[in-house]
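Undergrad: What follows is a predicted structure for the sequence shown.
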Number of protein chains: 2
Amino acid sequence: MVKRVADSTVRRLSLYLSFLEELSGSGAATVSSDVLARLGGTTSAQVRKDLSFFGSFGKRGLGYAVPELIESLRDILGLRREWKVCIVGAGKIGVALARYPGFAEKGFHVVAVYDADPKKIGTQWDSLLVRDVATLSSDTNREHYDIAVIAVPAEAAQNVADILVEAGVKAIMNFAPSQISVPPDVVVRTVNMALEFEGLSYALAHRTK
Amino acid sequence: MVKRVADSTVRRLSLYLSFLEELSGSGAATVSSDVLARLGGTTSAQVRKDLSFFGSFGKRGLGYAVPELIESLRDILGLRREWKVCIVGAGKIGVALARYPGFAEKGFHVVAVYDADPKKIGTQWDSLLVRDVATLSSDTNREHYDIAVIAVPAEAAQNVADILVEAGVKAIMNFAPSQISVPPDVVVRTVNMALEFEGLSYALAHRTK
């Protein structure tokens, strides 16, 4: 039985894990909740509360043992399993993603890539052949992708999402510059760097001097 | 005088712009608020309201003229100007960013790259030489970067942010896996793909079957 945990808690767990991995790389054996809190932009009470959802970690006055906490967080975050990832849209974003540092190490394995462009279908894409998006539905039914990445133009995104959901995909990463609608049992995250940078340029352009 | 506009509105304006650019590429001359709404995951009333903040666009029954609305949105979003961008941290994320499709086209020009690693300082990085992060403060005072990208390890992020803010930078894109604190007149956006994917794996690992 897992308690209902807020997205913001899960995000902090990810942050804690990435600090711990850095700390581990530099040889640290223990870490205090104060240090985790500072790096996570939160309080040590919040750190202890976040971790307490999942069990008992750390010893009073001694802090947390870095390797053990790393293993626990990987387990909690589902990173000790392998996830089959398909990418729909064999463009630059997909390539950048497949080469993103640490992506495969964390258990995210890109096993298929799709495109609608006849010029791309059948070409080599790193170690994979680009498949015809027309086979997405039947492939997904057969291969049971855990996570699908949508990296297609805005206008095609909802249609791709519908195909994936219909074929049973429960987790979607959306890089398309549009919102997609999915049923409540499907989880979607969106990454849109252009939009983040335009938020900055908007703010700069409209600064009151 | 610019009215106070919510972040969510600015995000939708970015989405509208990216659809319009796609539509324009496929030769569309006009677009209805209904189509913009569908792609933006909102209502046509919201589209009209979002745009009405910034002036009068579109004609009743005729929709919006695509090229004119593109120009207006670029203007609103600060994309008809050039922004000087420096990247702190000459790693894989920085490289991916500098090669991100359309980044320079939108007016974001990477003019300097910094690193703390003596093995990287002085090496060629695309068309730029990697500079010593020790010169970040004096360089920023002299060159007035508009936007700074922080792509350093978590533990170094706050220190880099402090240097940038002290030297007058008002907009920061944070790719470091940690929260940074800045004064209220500095705008920060955060992009962390690992964190988004871990949100998906967490949700999958904790699904009630």
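TA: Thanks, I have the structure now.
Undergrad: And for the residue lying closest to residue A:177 once chain neighbours are set aside, the neighbour number?
TA: The shortest distance from residue A:177 to any non-neighbouring residue, by CB to CB, 6 or more residues apart in numbering or on different chains, is to residue B:18 (3.8 Å). C-betas here are computed from N, CA, C, even on glycine. When neighbours are counted by other CB atoms under 10 Å in any protein chain shown, residue B:18 registers 23.
Undergrad: cool, residue A:181 as well?
TA: Using other CB under 10 Å, residue A:181 has 12 other residues around it.
Undergrad: Kindly provide the distance from the residue nearest to residue A:177 to residue A:129.
TA: Separation of residue B:18 from residue A:129 (CB to CB, to the nearest Å) stands at 29 Å.
Undergrad: how about the least confident helix or strand in chain A by mean pLDDT, does it reach chain B?
TA: Counting by mean pLDDT, DSSP states H and E, chain A has its least confident helix or strand at helix A:92-98, which shows a mean of 73. Yes - Helix A:92-98 reaches chain B (CB under 8 Å from any CB of the partner chain) through A:92, A:93, A:96, A:97.
Undergrad: Count residues in the vicinity of the closest residue to the third one other than its chain neighbours, would you?
TA: It stands for residue A:96. Of all residues not flanking residue A:96 in the chain, residue B:96 sits nearest, at 4.8 Å (CB to CB, 6+ apart). For residue B:96, the count of nearby residues is 21 (other CB under 10 Å).
Undergrad: going on from the longest helix seen in chain A, what's the next piece of helix or strand?
TA: When chain A is scanned for its longest helix (criterion: DSSP state H), the result is helix A:7-25. The helix or strand immediately downstream of helix A:7-25 is strand A:30-31, counting by DSSP states H and E.
Undergrad: Pull up the pairing partners for that following strand, direction included.
TA: Using DSSP bridges, strand A:30-31 pairs in its sheet with strand A:64-65 (antiparallel).
Undergrad: In chain A, where is pLDDT below threshold?
TA: Applying pLDDT under 70 to chain A flags the ranges A:1-4, A:98-101, A:208-209.
Undergrad: Kindly recompute the last result at 50.
TA: For chain A, the stretches flagged by pLDDT under 50 are A:1-2.
Undergrad: returning to that earlier point: how far away is the residue nearest to residue A:96 from residue A:123?
TA: 22 Å.
Undergrad: residues of stretch A:75-91 that come out buried?
TA: Under the neighbour-count criterion of 16 or more other CB atoms under 10 Å in any protein chain shown, stretch A:75-91 has A:76, A:77, A:78, A:79, A:83, A:85, A:86, A:87, A:88, A:89, A:90, A:91 buried.
Undergrad: Stretch A:17-30 now?
TA: Quick answer for stretch A:17-30 (16+ other CB under 10 Å): A:17, A:18, A:19, A:20, A:21, A:22, A:23, A:30.
Undergrad: Sketch out the strands for chain A, chain order is fine.
TA: All strands of chain A, identified by DSSP state E, fall at A:30-31, A:64-65, A:83-88, A:108-115, A:124-125, A:128-132, A:147-150, A:171-174, A:187-190.
Undergrad: Residue A:47 - how many residues pack around it?
TA: For residue A:47, the number of neighbouring residues by other CB under 10 Å comes to 26.
Undergrad: Tell me which residues touch it, please.
TA: Contacts for residue A:47 (CB atoms under 8 Å, 6 or more residues apart in numbering or on different chains) come out as A:12, A:16, A:33, A:36, A:37, A:40.
Undergrad: With residue A:102 instead?
TA: Counting by CB under 8 Å, 6+ apart, residue A:102 makes contact with residue B:194.
Undergrad: cool, and residue A:22?
TA: B:153, B:154, B:155.
Undergrad: mind checking how far it is from residue A:39?
TA: Distance from residue A:22 to residue A:39, counting by CB to CB: 9 Å.
Undergrad: any common contacting residues for these two?
TA: B:154, B:155.
Undergrad: Pop the domain breakdown of chain A in here.
TA: For chain A, automatic domain parsing gives the domain ranges A:7-76, A:83-196.
Undergrad: Looking at the strands of chain A, which one is packed in the most?
TA: Among the strands of chain A, strand A:147-150 has the highest mean neighbour count (mean count of other CB atoms under 10 Å in any protein chain shown), at a mean of 26.
Undergrad: on that earlier part again, would you tell me which of the strands of chain A gets closest to residue A:206?
TA: Counting by CB to CB, residue A:206 lies closest to strand A:187-190 out of those; the figure is 24.0 Å.
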